[in-house]
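# next come a sequence and a model predicted from it.
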Amino acid sequence: MPISPDTQRAFLDTEYRVRLSRGGWAVIRIGEPLPRELHAGMKDEGMPWGFITAWNPLAKEVPRARNRERQRQLLAALRERGARVRAGVGIGHAVDAGQQRWREPSLFVLGLDFDALDALGRRFEQFALVRGIGHGIAELRVLV
């Protein structure tokens with residue numbers, strides 16, 4: 001099932017924020033290089049990274065408690081695979097007038113290859129995730 005143009009636009013307009021160890025946030029934007037603040041965690045410029053969540057499978061709201069449990073399961077799966085993880089949040093912009101911005105707790109992941117990231121995105125029923133290589137350009141990876 002392909003995503004709608006409105007859904008794709010929402011992904012492209014989202015701010016993918018990564019919590020920095022000394023406070024504040026670095027913002028990943030699709031189509032732009034990885035922010036400098038996130039370079040320090042890279043072993044080399046060929047290291048893959050991703051930005052992923054388990055919240056709201058297939059863009060359908062589920063109760064907060066269920067989302068939190070799904071996120072804990074995703075974090076455990078990432079750690080089992082040896083990934084390094086930082087807290088993040090996706091901040092979306094309202095598509096229609098009167099809507100509020102939405103927020104989804106997310107994870108910035110270093111060291112998992114794209115196949116593993118895609119598999120986790122599908123396992124947790126996500127339409128898409130954000131990924132890149134080293135300091136390169138952030139790309140939207142549609143999974144459906």
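Looks like it arrived, so ask away.
# ok, and the closest non-adjacent residue to Arg19?
Ala87 (4.4 Å; C-beta to C-beta, 6 or more residues apart in numbering). Where C-beta positions appear, they are placed from N, C-alpha and C, glycine not excepted.
# can you pull out the helices in the protein?
Applying DSSP state H to the chain gives helices spanning 5-13, 64-80, 114-123.
# Ser106 is nearest to which of these?
helix 64-80 (8.5 Å; C-beta to C-beta).
# give the buried residues for the closest one.
Asn67, Arg70, Gln71, Leu74, Leu75, Ala77, Leu78 (16 or more other C-beta atoms under 10 Å).
# what lies in contact with the lowest-mean-pLDDT helix or strand in the chain?
Lowest by mean pLDDT, DSSP states H and E among the helices and strands of the chain is helix 5-13, with a mean of 85. For helix 5-13, the surrounding residues in contact (C-beta atoms under 8 Å, 6 or more residues apart in numbering) are Ile3, Ile30, Gly31, Ala59, Gly92, His93, Val95, Phe127, Ala128, Leu140, Val142.
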